[in-house]
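Engineer: Need coordinates for the following:
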Amino acid sequence: MLTSRCRPAGLQFPVQTPRCPAEALRDAGRRYPVADHYAPSTLMCRGDDRIPAHSRRRARVIVMTTIDLNGVRAYRAEPDVAPRGGIILIHEIWGLVPHITDVADRFAARGYVVIAPDLLSRIGMTPELGQELQALVSDPDESRRTAAQPRMREAMAPMKAPEYAASAIAELRTCLDALATEPGVAGRIAVVGFCFGGTYAFALAASDERVRVTVPFYGSAPTPDRMETIRCPVLAIYGAHDPALIDALPGVRLEMAAAGVDFTDHVYPDAAHAFFNDTGSRYRPDDAADAWGRTLAFLDEHLV
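Structural biologist: Okay, here's the model as predicted:
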């Protein structure tokens with residue numbers, strides 16, 4: 001078993017039949033109950049500075065900072081054009097921080113309806129705490145990093161419980177229910193996740209056949225018996241300097257092949273864990289830009 005911090009315990013789930021769509025959906029402008037505000041704005045693909053200006057896509061994105069889907073808090077973004085599909089976007093171990101909502105906006109600006117659930121606030125890892133802890137463990141002062149470890153262990157302890165994994169999958173399926181009813185999505189649903197979210201992207205694909213494409217960034221793959229329930233293409237993205245995941249990768253390739261999964265992986269030789277996160281100390285802009293392009297191309301090939 002991998003010991004990566006991104007692999008919560010208890011990720012063993014049977015495939016379930018889809019539930020009824022979330023009743024929170026509405027036909028008019030506000031499709032969801034909104035806790036904070038509902039504000040349309042025009043956004044460029046933030047973080048896409050390496051993409052030539054003539055190839056960037058400008059889209060008006062409807063942003064709702066807090067929505068509620070039968071008790072699941074989430075961020076939602078949509079384009080003002082006919083959707084190319086829908087994406088469940090799953091955050092890192094730090095929670096639903098601005099980096100993740102920024103990535104949601106970038107996908108929306110490419111034509112996707114995006115729902116990014118907050119899977120950690122209910123167990124104490126709020127976005128504010130996540131940002132604070134991320135800054136502490138990234139501090140160049142080793143003594144500060146060391147001093148932050150007890151707080152990290154305390155914050156992460158609840159998500160390692162087997163019952164947490166089951167509840168997180170249930171919340172993700174609630175988001176799938178809502179996304180499946182979105183006008184124009186028409187069953188074209190992908191899951192993209194980072195770190196903790198990469199592990200849950202794998203797990204959701206193994207738990208729900210409505211997932212058509214999965215792109216996990218540096219996530220832990222499920223056990224071989226769970227791989228057999230994955231019915232969609234997978235693009236798994238890693239940094240070579242991520243020992244637990246890279247050591248396991250040769251076995252994952254063999255097990256995915258044996259399970260009949262359409263599995264592709266790409267390893268960036270100079271990157272480490274979390275290289276895509278432009279707010280972290282391990283960010284590598286060239287590799288992140290390439291991974292973004294590969295993700296969009298994979299979605300185009302298998303979803304659109």
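Engineer: list the buried ones in stretch 167-181?
Structural biologist: Neighbour counts over stretch 167-181 (16 or more other CB atoms under 10 Å) mark 168-169, 171-181 as buried. Every residue, glycine included, has its C-beta placed from N, CA and C.
Engineer: Among those residues, which pair sits farthest apart?
Structural biologist: With CB to CB as the measure, no two of the buried residues of stretch 167-181 lie farther apart than 168 and 181, at 21.4 Å.
Engineer: From the buried residues of stretch 167-181, pick the one nearest residue 207.
Structural biologist: The closest of the buried residues of stretch 167-181, once distances to residue 207 are taken by CB to CB, is residue 169, at 5.5 Å.
Engineer: Check which element follows the host helix or strand of the closest one along the chain.
Structural biologist: Per DSSP states H and E: residue 169 is located in helix 162-180. Using DSSP H and E, the helix or strand that follows helix 162-180 towards the C-terminus is strand 189-194.
Engineer: Take the buried residues of stretch 167-181 and lay them out in JSON lines including distance to residue 290.
Structural biologist: Formatted as JSON lines, those follow (distance: CB to CB, whole Å):
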{"residue": "168", "distance to residue 290": "30"}
{"residue": "169", "distance to residue 290": "31"}
{"residue": "171", "distance to residue 290": "31"}
{"residue": "172", "distance to residue 290": "27"}
{"residue": "173", "distance to residue 290": "32"}
{"residue": "174", "distance to residue 290": "33"}
{"residue": "175", "distance to residue 290": "28"}
{"residue": "176", "distance to residue 290": "29"}
{"residue": "177", "distance to residue 290": "34"}
{"residue": "178", "distance to residue 290": "32"}
{"residue": "179", "distance to residue 290": "27"}
{"residue": "180", "distance to residue 290": "31"}
{"residue": "181", "distance to residue 290": "34"}
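Engineer: which one of the residues you listed sits closest to residue 110?
Structural biologist: Closest to residue 110 out of those is residue 179 (15.9 Å), distances taken as CB to CB.
Engineer: Could you report the pLDDT at the closest one?
Structural biologist: Per-residue pLDDT puts residue 179 at 95.
Engineer: quick one: low-confidence ranges for the chain?
Structural biologist: 1-66 (pLDDT under 70).
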